[in-house]
Every structure is written in structure tokens, then in C-alpha cells.
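Student: model this:
(one chain, ligands or ions: 2)
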Amino acid sequence: MESLIDKYQHIENLNHYLKKKKRIRHCVSVAEHMQACALYFGVNQAKAYLVGMYHDIAKELNSEQLIEYSQKYLERKIEPIQNFPFKKYNTNLLHGPAGAEIIAQDFKIVDPDILIAIAHHTTGGLRLSNLAKLAFIMDFCEPLRKHTTSEEIYHVLINNKNLPLAYYLTYYYTLLDVIKRKKLICPESILGYNEALDSIQ
Ligand SMILES: [Fe+2]
Ligand SMILES: [Fe+2]
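Tutor: Ligands and ions are numbered 1, 2, ... in the order given. Here you go, the predicted model:
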């Protein structure tokens, strides 16, 4: 388990990139909730904690920075960035891969499991590890979110311990919201949605 000293060091690291205190509280909440349920889903607790803590570290970068960091992440050849041209037009989607690059560069966290989980927390994707799925879900449903839909997913994950259903519901509500706002849907998320639906039928 992470010590309190480690926790404050992580928060100090986040402070270099994030101005919004609410966002930092969200990161800590995702980290602690991911760590708390990691073992149950066969996920390494230390990795879960780091993924949660740093998943949004790139959230306040501008579009040029997001593209630049994502390009560098790509050059590490850990994985391709799916639909990269689409994401360049919707640069908020790049705060995943850009965040992975920041922690690799600045904090020398280069574990591929951690980087891939952070890179995919915005869109989801195909054949993700349980670590990456947990990040995608917990980002949406950690208790500070306080939406009815978040509460439902939190209940399915924590009380019912049903990761496949919580994973599917996260896509479902995320995509519904994107549709309601008349925004384009990233094709990677559609593939993830289909795979998640298939897994619960
Ligand atoms: Fe995010
Ligand atoms: Fe987040």
C-alpha cells in the first residue's frame, strides 16, 4: 500500500500540471478506489494506484501540447494510437496518451501496463487489460462524480463485483452523453462498446 508520504509526493507531482483542485481530488479518489478493489479483479494494487493518480495529468494541456506529447508516446512503440487523425481533431481525447508520455518522461514510470491503461482511459478500446478496464470504469464512477449513472456503475462494480457489466455500462452512458451533445464518437470507443456488449451476452 502507498504510504502517506508517497501520496503527498504524487499530489505535488500533479500540482505541476493541474491547476484545478477538484481535478486533483478526482485523481486521488480514482487512485484510492482502484487500489481498494484491484485485487478482487486480479489487478496489481500498486499499478492500479499509479494509473488512478496520474490518468488525468495531461488534462489541462493545450491542443498543441497534447498532440506533441501523444506523438512522443507513439514513438515509444508501446502501442499504436488508434484513430490518431480523429483524435487530433478532438484533442481532449489525447489527454490519455499525452499523460502516459508525461509520466514516462518526468517520473520514469515506464511500465507498459500502466502507460496503456492511462492512454486508454478516455476512449476505452479493444482487448484491454483488467487494469485498463478498471481505470476506464473508475474514472466514470468514483464517488466524487455524484451522478445517478455513476452511482449505478459503482454499485455494479463494488457491490455486485461485475466488472464486465460495469465496463459495458461505462461505454453505454459515455456514448449516450456524446450523442446527446451531438459530438462525434471516436471509432475506438464503438469497437470497445461492441466488445463489451458481446462479453455480457
Ligand atoms: Fe480523463
Ligand atoms: Fe478522470
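Student: Ligand 2 contacts on this structure?
Tutor: With Cβ under 5 Å from the ion as the criterion, the chain comes near ligand 2 at residues 56, 139. Any C-beta I mention is one placed from the backbone N, CA and C, and that applies to glycine too.
Student: any weak-confidence spans in this protein?
Tutor: 1-4 (pLDDT under 70).
Student: Closest to the centroid, which residue in it?
Tutor: Residue closest to the average C-alpha location in the chain (Cα atoms, centre = their mean): residue 121, at 2.5 Å.
Student: Could you pull up the residues touching it?
Tutor: 51, 55, 96, 132, 135, 136, 139 (Cβ atoms under 8 Å, 6 or more residues apart in numbering).
Student: Pull out the buried positions in stretch 59-67.
Tutor: Neighbour counts over stretch 59-67 (16 or more other Cβ atoms under 10 Å) mark 59, 61, 65, 66, 67 as buried.
Student: which one of those residues is nearest ligand 2?
Tutor: The closest of the buried residues of stretch 59-67 to ligand 2 turns out to be residue 59 (Cβ to the ion; 7.2 Å).
Student: how close does the closest one sit to residue 134?
Tutor: From residue 59 over to residue 134 the distance is 19 Å, taken as Cβ to Cβ, to the nearest Å.
Student: what's the answer for residue 6, then?
Tutor: For residue 6, the distance to residue 134 equals 20 Å [Cβ to Cβ].
Student: which residues in the protein form helices?
Tutor: Here the chain has its helices, by DSSP state H, at 4-15, 21-38, 45-54, 63-75, 84-89, 95-107, 112-119, 130-141, 148-154, 163-180, 187-200.
Student: follow-up on the earlier one: kindly reformat the contacts of residue 121 as CSV containing neighbour count and distance to residue 199.
Tutor: Shown next, in CSV, are the contacts of residue 121 (neighbours: other Cβ atoms under 10 Å; distance: Cβ to Cβ, whole Å):
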residue, neighbour count, distance to residue 199
51, 34, 21
55, 30, 23
96, 32, 22
132, 23, 14
135, 31, 17
136, 28, 14
139, 24, 19
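Student: can you tell me which of those residues lies nearest to ligand 2?
Tutor: Of all the contacts of residue 121, ligand 2 sits closest to residue 139, with 4.2 Å by Cβ to the ion.
Student: That closest one reaches residue 29, doesn't it?
Tutor: No: contact criterion Cβ atoms under 8 Å: residue 139 and residue 29 do not qualify, at 10.0 Å.
Student: The nearest residue to residue 40 once chain neighbours are set aside and residue 42, how far apart?
Tutor: Using Cβ to Cβ, 6 or more residues apart in numbering and skipping the chain neighbours, the partner closest in space to residue 40 is residue 161 (6.2 Å). Distance from residue 161 to residue 42, counting by Cβ to Cβ: 12 Å.
Student: Likewise for residue 91?
Tutor: For residue 91, the distance to residue 42 - Cβ to Cβ - is 34 Å.
Student: more neighbours, these two?
Tutor: residue 91 (17 against 11; other Cβ atoms under 10 Å).
Student: Any figure for the gap between the residue nearest to that one when sequence neighbours are not counted and residue 82?
Tutor: Computed as Cβ to Cβ, 6+ apart, the closest residue to residue 91 that is not its neighbour in sequence is residue 63, at 4.1 Å. Separation of residue 63 from residue 82 (Cβ to Cβ): 19 Å.
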